[in-house]
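*Asks:* Quick one, what's the 3D model for this:
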Amino acid sequence: MFNESVIVRPDVVTEDDSGEGSLRPLCLDDFMGQSEIKKNLGTFIKAAKERGDALDHLFLIGPPGLGKTTLAQITANELGADFKVTSAPALDKPKDLAGILSTITPNTVFFIDEIHRLKPAIEEMLYIAMEDFELDWVIGQGAAARTVRIPIPHFTLVGATTKAGMVSKPLQTRFGIIQRFNFYTREELAKIIHRSAKILEVGIDDDAALLMADCSRGTPRVTNRVLRRMRDFAQVEGCGRITKEIVSEGLKRLGIDDMGLEGYDREILLAIIEKFGGGPVGAETLAISIGESQDTLEDYYEPYLIQCGFLARTPRGRMATEKAYEHLGLKYKPGMAKGQGELF
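*Replies:* Numbers count the residues shown, from 1 in each chain. Sure, this is the predicted structure:
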């Protein structure tokens, strides 16, 4: 069931996203945005193909929904290699990793999502596989136990993470190519919308695409969700074409404003302003006041609010900015928050 409350949350994968596979580009030329990553990766792939070697291990860093999985799939397609995909939480024991690596073909692209969540025993096995292309395997038990090294074909590990700081240094240093994703511009998102709309066989106006891009949090995953919802509104309540008027009304009904803020975002800002005098307020207290976990507040909601200039982190806690007051249609009253800031 589609949940409107998470339409602008790229970190939450919904059943509605199952249809996104058809919208994903299959080659670098069709991949929109991230121009520096595309240019560099295109060069590395071409060089590896000319030498007949496996591409060096690739580390992709960035917030959720920016295309890390898609780029891993494209890498395999461009190399003409097999593609195997898993996530770190799915690898429970070393034998799980061994089972995958012992069946790969030469130059396979092996993608591990959320690689920062690998268990230490699995990570240690991965070190040897990445460097020596061998698996360390223990045969027998007790005094009769012995270690055997099993050779495996050369492969390319693509690790993706939203939290690069949680990836151990020994693992990071084993990646030969490290690429960091940036949020997309509104023009890049508008191009993605036009491409996706063509695949979905729905007409869309340029100003409608730009309006959707403005509220997509710089994230293609959110863009495609919004597009599918606007297609529904256009089909049932319009003439079948997505216009600016359809988008404006649709976003209003979904509770999404022109900056991409949804109900919880506004609730966070209102809580700081109305309950805590504009701040500062600690993250734990703020999370309790809105009925959300502190991790979700810090990992998802706060980064975008800070990026938009609506929220400021200070040593004493979170504070709503003057821009937040203006966006919510409230009169700016620094009062208590300003006084506390100057006190220290």
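*Asks:* where's the residue nearest the centre of the chain relative to residue 160, distance?
*Replies:* The centre of the chain sits closest to residue 64, judged by Cα atoms, centre = their mean, with a distance of 1.0 Å. Per Cβ to Cβ, to the nearest Å, residue 64 is found 10 Å from residue 160. In this view, the C-beta of every residue, glycine as well, is placed from N, C-alpha and C.
*Asks:* same thing with residue 290?
*Replies:* Note on residue 290: its distance to residue 160, by Cβ to Cβ, is 30 Å.
*Asks:* same check, this time on residue 95
*Replies:* 23 Å.
*Asks:* cool, and residue 310?
*Replies:* Here residue 310 is placed at a distance of 28 Å from residue 160 (Cβ to Cβ).
*Asks:* now do residue 186
*Replies:* From residue 186 over to residue 160 (counting by Cβ to Cβ), the distance is 25 Å.
*Asks:* any chance you could read off phi and psi for residue 32?
*Replies:* The phi/psi pair for residue 32 (degrees, to the nearest 10) reads phi -90, psi 140.
*Asks:* can I assume residue 111 sits in a helix?
*Replies:* No - counting by DSSP: H, G, I helix; E, B strand; the rest coil, one finds residue 111 to be strand, located in no helix.
*Asks:* burial measure for it, as a count.
*Replies:* Residue 111 has 25 neighbours, counted by other Cβ atoms under 10 Å.
*Asks:* partner residues bridging it?
*Replies:* Beta bridges link residue 111 to residue 85, residue 158, judged by DSSP bridges.
*Asks:* Give me the common contacts of residue 64 and residue 160.
*Replies:* Common neighbours of residue 64 and residue 160, counting by Cβ atoms under 8 Å, 6 or more residues apart in numbering, are absent.
*Asks:* is it fair to say the residue nearest to the centre of the chain lies in a helix?
*Replies:* No - assigned with three-state DSSP, residue 64 falls outside any helix and is coil.
*Asks:* Make sure it is actually in contact with residue 222.
*Replies:* No - at 9.9 Å, residue 64 and residue 222 do not qualify as touching, with contact defined as Cβ atoms under 8 Å.
*Asks:* Can you show me the helices along the stretch 1-150 of the chain?
*Replies:* Per DSSP state H, counting those that start in this stretch, the stretch 1-150 of the chain carries helices over the ranges 35-51, 68-79, 94-101, 120-132.
*Asks:* Output the ones you listed as CSV; include the columns distance to residue 191 and mean pLDDT.
*Replies:* Listed next are these as CSV, based on distance: least, Cβ to Cβ, whole Å; pLDDT from 0 to 100:
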stretch, distance to residue 191, mean pLDDT
helix 35-51, 12, 93
helix 68-79, 15, 94
helix 94-101, 36, 89
helix 120-132, 35, 90
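*Asks:* Among these, which comes closest to residue 233?
*Replies:* Closest to residue 233 of those, according to Cβ to Cβ: helix 68-79, at 26.4 Å.
*Asks:* for that closest one, packing partners?
*Replies:* Here helix 68-79 touches helix 35-51, strand 58-61, strand 83-87, strand 109-113, strand 156-161, going by 3 or more Cβ pairs under 8 Å, 6 or more residues apart in numbering; DSSP states H and E.
*Asks:* Looking only at the third one, what residues are buried by neighbour count?
*Replies:* What that stands for is strand 83-87. Of all the residues in strand 83-87, those buried under the rule 16 or more other Cβ atoms under 10 Å are 83, 84, 85.
*Asks:* Let me see the confidence value for the first one.
*Replies:* Confidence per residue is given as pLDDT, and for residue 83 that number is 95.
*Asks:* how far away is it from residue 108?
*Replies:* For residue 83, the distance to residue 108 (Cβ to Cβ) stands at 7 Å.
*Asks:* so what's in contact with the two at the same time?
*Replies:* Taking Cβ under 8 Å, 6+ apart as the contact rule, residue 83 and residue 108 both touch residue 76.
*Asks:* Tell me where the stretch 151-300 of the chain has helices.
*Replies:* 169-172, 186-199, 206-214, 220-237, 244-254, 263-270, 283-290, 294-296.
*Asks:* who wins for proximity to residue 180 among the ones you listed?
*Replies:* Nearest to residue 180, of all these, is helix 169-172, at 12.4 Å by Cβ to Cβ.
*Asks:* What is that closest one packed up against?
*Replies:* helix 120-132.
*Asks:* who touches the helix it packs on?
*Replies:* Outside helix 120-132, the residues within contact range by Cβ under 8 Å, 6+ apart are 57, 88, 91, 93-94, 96-98, 101, 118, 134-136, 149, 152, 157, 168, 170-171, 174.
*Asks:* Likewise for stretch 297-316?
*Replies:* With Cβ under 8 Å, 6+ apart as the test, stretch 297-316 has contacts from 9, 11, 63, 183, 217, 259-261, 264-265, 268-269, 272, 279-280, 283, 286-287, 290, 292, 318-321, 323-324, 327, 340-341, 344.
*Asks:* For it, give the mean pLDDT please.
*Replies:* Across stretch 297-316, pLDDT averages out at 85.
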